[in-house]
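Colleague: Below are the sequence and a predicted model for it; my questions follow.
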Amino acid sequence: MREIVRTNDMVLVSAVVALLDGAGIRSMVFDQNMSVLEGSIGVLPRRVLVADDDVPEARRVLEDAQLGHELRPDAG
């Protein structure tokens, strides 16, 4: 699994997950339950991860949706 997006914007997280789901790409959101520790103020970022094999397609989907600026640098 590789991280493709990190943000504390829950609307963006929902949009990214919906776009990936629509393209048939499974994703996982990490750190979404950290709000218990932070008091639900949204300062801790959530991470969207996809399988290593799906990274190129996931990046293309998000770039096509004009969200390329939200992508984490591609480390591999």
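Modeller: Good, I have the coordinates. Numbers count the residues shown, from 1 in each chain.
Colleague: can you pull the contacts of the spatially most central residue of the chain?
Modeller: In the chain, the centroid-proximal residue (Cα atoms, centre = their mean) is Val48; its distance is 2.8 Å. By Cβ atoms under 8 Å, 6 or more residues apart in numbering, the residues touching Val48 are 3-6, 13, 16-17, 20, 27-30. No exception for glycine: its C-beta is placed from N, CA and C like everyone else's.
Colleague: hmm, try it at 10 Å
Modeller: With contacts taken as Cβ atoms under 10 Å, 6 or more residues apart in numbering, Val48 has the following neighbours: 3-7, 12-13, 16-17, 20, 27-30, 32, 58, 62, 70-72.
Colleague: Distance of the closest residue to it other than its chain neighbours relative to Asp54?
Modeller: Nearest in space to Val48, with sequence neighbours left out and distances taken as Cβ to Cβ, 6 or more residues apart in numbering, is Val5 at 4.3 Å. Going from Val5 to Asp54 by Cβ to Cβ, to the nearest Å gives 13 Å.
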